[in-house]
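>>> The amino acid sequence is not available; the structure is as follows:
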């Protein structure tokens, strides 16, 4: 199976949206991607740091706000990331830093879903060795995704 047809569809989408043709639009989408990442990773790091370093109890209302901000962040960063990807799909698919970033983001999302599932099974309790390990893994994964995202431009 070949990926050329998928690359052609993505490239056509990039041309159709204008992201591949307009540096101003690309810059706007890129800035929106950074905003989405901040909204995603910021709340995650706050919750993870509290959990990993011994302060797992959080006000449920504050936790709900942080969760909602992170959800908005993931939606913005996923949508804008897809748009940015359509600007140069063949280059990005050949970029080892991009492939590594996508793999790390996938692992971070799986870890986040597992964290949420475990918290829901324990009545919102975020403590314990397993949750602490998941929080540490989350911090490493999201910060690695940030680093790899920056590295994409230099590979």
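That came through fine. The shown structure was predicted, so the numbers you read here are calculated from the model rather than taken from an experiment.
>>> Can you name every helix or strand that the helix or strand containing residue 84 contacts?
The secondary structure element spanning residue 84 is helix 60-87 (assigned by DSSP states H and E). In terms of contact count using 3 or more CB pairs under 8 Å, 6 or more residues apart in numbering; DSSP states H and E, helix 60-87 is assigned the packing partners helix 4-17, helix 23-52. In short, each C-beta sits where N, CA and C put it, glycine included.
>>> where's the residue positioned nearest the centre of the chain, which helix or strand?
When the chain is reduced to its mean C-alpha position, the nearest residue by CA atoms, centre = their mean turns out to be residue 105, at 5.4 Å. Assigned by DSSP H and E, residue 105 belongs to helix 96-121.
>>> circling back: mind listing what the spatially closest residue to the residue nearest to the centre of the chain that is not a sequence neighbour touches?
Taking CB to CB, 6 or more residues apart in numbering as the measure, residue 105 lies nearest to residue 145, with 5.0 Å between them; neighbours along the chain are not counted. Taking CB atoms under 8 Å, 6 or more residues apart in numbering as the contact definition, residue 145 lies against 101, 104, 105, 108.
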